[in-house]
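# coordinates only, no sequence provided:
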């Protein structure tokens, strides 16, 4: 495959790049493996169809520096379609207006946008990481377990574009299909 050849070339040229090519074992197992392979103390994920603003990690890190007890940082996402048209009317994730999102997350449900999160790697592994049994909401499950050990901090301005086609694993359908 052309994609693997390109990835191998990157790995050969840059010691920071490591390849771990394996059979598809599902999204939770894949994220768990990436978490295990990571070397940095803080980890972020960006899925192939989504996009970070150029300063997303910088702004997330600055937010964490202002909240040194936080165990994860996340923020708002712009909801965009395949043509990059924004759809603010889509309520994929709940709305949080408070920079300390812990209470709204626990009381009102999943407002996390996975691709906006920056998580403390060691703690994520300590609490069990991504549960491969969870086909949906695996990130929310992990974050709730992490919140037992400290608060989250939140960027109220969007720094990521979440690609929405109505069939995503995240959003309203995930919430209603998680139980059955």
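Arrived safely. Quick caveat, the model's predicted, so the values are computed rather than measured.
# excluding its backbone neighbours, what's nearest the most centrally placed residue in the chain?
Ranked by distance to the mean C-alpha position of the chain (C-alpha atoms, centre = their mean), the top residue is residue 114 at 2.5 Å. Of all residues beyond its chain neighbours, the one nearest residue 114 is residue 139 (4.4 Å), with distances taken as C-beta to C-beta, 6 or more residues apart in numbering. Placement of C-beta: from N, CA and C, glycine included.
# how many residues are close by residue 70?
Residues contacting residue 70 under the criterion other C-beta atoms under 10 Å number 22.
# same question for residue 11.
Counted with other C-beta under 10 Å, the neighbours of residue 11 add up to 13.
# residue ranges of the helices in the protein, please?
For the chain, helices defined by DSSP state H occupy the ranges 2-13, 27-37, 56-66, 102-108, 121-126, 138-147, 172-177.
# other SSEs contacting the second one?
What it means is helix 27-37. With contacts defined as 3 or more C-beta pairs under 8 Å, 6 or more residues apart in numbering; DSSP states H and E, the packing partners of helix 27-37 are helix 121-126, helix 138-147.
# what residues does the shortest one touch?
The list of residues contacting helix 121-126 from outside it, by C-beta atoms under 8 Å, 6 or more residues apart in numbering, reads 35-36, 38, 40-43, 71, 142, 146, 149-150.
# check the longest one too.
Defining contact as C-beta under 8 Å, 6+ apart, one finds that helix 138-147 is touched by 27-28, 31, 71-72, 102, 105-106, 110, 112, 114, 117, 119-120, 123-124, 127-131, 134, 152.
# swap the cut-off to 6 Å and go again
For helix 138-147, the surrounding residues in contact (C-beta atoms under 6 Å, 6 or more residues apart in numbering) are 28, 71-72, 110, 112, 114, 123, 127, 130-131, 134.
# and it, how far out from the chain middle?
Averaging C-alpha positions (C-alpha atoms, centre = their mean, to the nearest Å) puts helix 138-147 11 Å from its chain's average.
# got it, and the shortest one?
For helix 121-126, the distance from its own C-alpha centre to the chain's C-alpha centre is 15 Å (C-alpha atoms, centre = their mean).
# quick one: buried residues of it?
Neighbour counts over helix 121-126 (16 or more other C-beta atoms under 10 Å) mark 121, 123-124 as buried.
# ranking the helices and strands packed on helix 27-37 by mean pLDDT, which is last?
Comparing mean pLDDT across the helices and strands packed on helix 27-37, the lowest value falls on helix 138-147: a mean of 90.
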